[in-house]
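**Q** Need a 3D model of the sequence below.
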Amino acid sequence: MDRIEIKGYKSFKDLALDLLPINILIGSNGSGKSNFLSFFEFLNRLYEQKLTEYVALNGGIDKYFFQGSKITDAICATIGFKDIFYSFELKEGDNRFVFSKEELGNNSLYTAIGAFGNEASIKSYSGLSIGEHIRRYLSEIKKYHFHDTGKSSPFTKESHIVNDTYFLYEKGGNLAAFLYGIREKEPIVYKRIIRVIQSIAPYFSDFYFNVSAAETVRLQWTDKFSSTIYGPTDLSDGTIRFIALATLFLQPVPPKVIIIDEPELGLHPLAIQTLAGMIKSAAAKGTQVIIATQSADLITNFDAEDVITVNQINGVSVMRRHSSEELNAWLDDYTLGDLWKQNILKGGQPK
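**A** Alright, predicted model coming up:
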């Protein structure tokens, strides 16, 4: 995705933003970072024709309109990919959204593909071949969050070595089966993941896959100093999150887009530096990365052009991408993280 325009969605009154391979959002709590990330989840549910269910389960339609439906009567969005675009307009219906407009096109023509229904038409529309690229992008949108690492977290669940190996689930619930599939089909990639994990957890030896008769497996591992088999709860919160992140970014065929809120949670500074390297590696292979962070250590590893500051001004979220030229006088002596800490790179104070 090269460009996104959003009007009337949550804290965004009228946003137009160019997107690059790496997009790192920084800003204070409540500035709108999470609202921006949630729009991509909204887009995916819209594409999957599950918008009505998604909105009902997340508080109803009023909370999605900028300052409520009494102030804003429509949510409009356009997403652009080089010379093609997809756009829609949503209005309030009977306790659900109604598509008042839905269009697909390029620089020379566009066509209306649906209107006045409660679900989007783009998934099933086949009239324009240019829609295939957009459909693939929308279908692969997932907002990953590996925050839950407790005794009943998704990491502790069984997963099936056939049915649960196609893609990594948003909360990591199939991490064991997904890693098993990589080991069986892409051993070189699997060994790379192991080496990266060992770079931040030197005691880690390998995963232990004990496949049941029902072809399910749990996440288990061994260390270098004993024959004991451990589970995910025997790892620190930061280590299990890092394992999930390493698997996500280093998988053989990463998705078109990776979206994560605060991936640095619980990570040691060395692990944060390694995470930055994995983000760059995935972006170099064609994956678009969109991340919200409160970590000055993380943004220090990136160029100014990769960073977008998010501020809320009079109730409106405003996003701005900076440039190296703009900050050139500072970057000779300071890192991006330093500039953020000193509020020269304005976007709220980091943790």
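
**Q** how many neighbours does the closest residue to Lys280 other than its chain neighbours have?
**A** Sequence neighbours aside, Ile22 is the residue nearest to Lys280 in space, at 7.1 Å (criterion: CB to CB, 6 or more residues apart in numbering). In short, each C-beta sits where N, CA and C put it, glycine included. If you count neighbours by other CB atoms under 10 Å, Ile22 ends up with 21.

**Q** Same question for Phe225.
**A** Other residues within reach of Phe225, judged by other CB under 10 Å, total 8.

**Q** In this structure it contacts Phe204, no?
**A** No - contact criterion CB atoms under 8 Å: Phe225 and Phe204 do not qualify, at 10.6 Å.

**Q** what does the model give the residue nearest to Lys280 for pLDDT?
**A** pLDDT recorded at Ile22 is 97.

**Q** give me every residue that touches it.
**A** Ile279, Lys280, Ala283, Val289, Phe302, Asp306 (CB atoms under 8 Å, 6 or more residues apart in numbering).

**Q** which ones among those are found in strands?
**A** Using DSSP state E, the subset of those located in strands is Val289.

**Q** export the contacts of Ile22 to CSV and tack on pLDDT, distance to Ser323 and neighbour count?
**A** Below are the contacts of Ile22 laid out as CSV (pLDDT from 0 to 100; distance: CB to CB, whole Å; neighbours: other CB atoms under 10 Å):
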residue, pLDDT, distance to Ser323, neighbour count
Ile279, 97, 20, 25
Lys280, 96, 18, 18
Ala283, 96, 18, 19
Val289, 97, 19, 22
Phe302, 92, 13, 18
Asp306, 93, 11, 22
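
**Q** Distance to Glu215 for the contacts of Ile22 - can I get that in a markdown table?
**A** Below are the contacts of Ile22 laid out as a markdown table (distance: CB to CB, whole Å):
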| residue | distance to Glu215 |
| --- | --- |
| Ile279 | 33 |
| Lys280 | 36 |
| Ala283 | 35 |
| Val289 | 33 |
| Phe302 | 41 |
| Asp306 | 42 |
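
**Q** which among the contacts of Ile22 gets closest to Glu140?
**A** Nearest to Glu140 among the contacts of Ile22, counting by CB to CB, is Val289 at 12.9 Å.

**Q** Run through the bridge partners of the closest one.
**A** Beta-bridge partners of Val289, counted by DSSP bridges, are Ile22, Ile258.

**Q** list the contacts for it?
**A** Contacts for Val289 (CB under 8 Å, 6+ apart) come out as Pro21, Ile22, Asn23, Val257, Ile258, Ile259, Ile279, Ala282, Ala283.

**Q** which stretch of helix or strand covers Val196?
**A** Taking DSSP states H and E as the definition, one finds Val196 inside helix 187-200.

**Q** The helix or strand following that helix pairs with which strands?
**A** The helix or strand immediately downstream of helix 187-200 is strand 204-207, counting by DSSP H and E. Applying DSSP bridges, strand 204-207 is found paired with strand 221-223 (antiparallel).

**Q** which residues touch the strand it pairs with?
**A** Applying CB under 8 Å, 6+ apart, the contact partners of strand 221-223 are Tyr203, Phe204, Ser205, Asp206, Phe207, Tyr208, Thr228, Ile229, Tyr230, Gly231, Asp234, Leu235.

**Q** Quickly list what the nearest residue to the fifth one once chain neighbours are set aside is bridged to.
**A** Read that as Phe207. Leaving aside its sequence neighbours, Phe207 sits nearest to Trp221 (CB to CB, 6+ apart; 5.2 Å). Counting by DSSP bridges, Trp221 is bridged to Phe207, Tyr230.

**Q** can you pull the pLDDT of Trp221?
**A** The model reports Trp221 with a pLDDT of 97.

**Q** Can you tell me the number of residues neighbouring it?
**A** Trp221, neighbours per other CB under 10 Å, totals 24.

**Q** same thing with Phe146?
**A** The number of residues packed near Phe146 is 26, by other CB under 10 Å.

**Q** And for the one 5 residues further on?
**A** Burial of Lys151, expressed as a neighbour count using other CB under 10 Å, amounts to 8.
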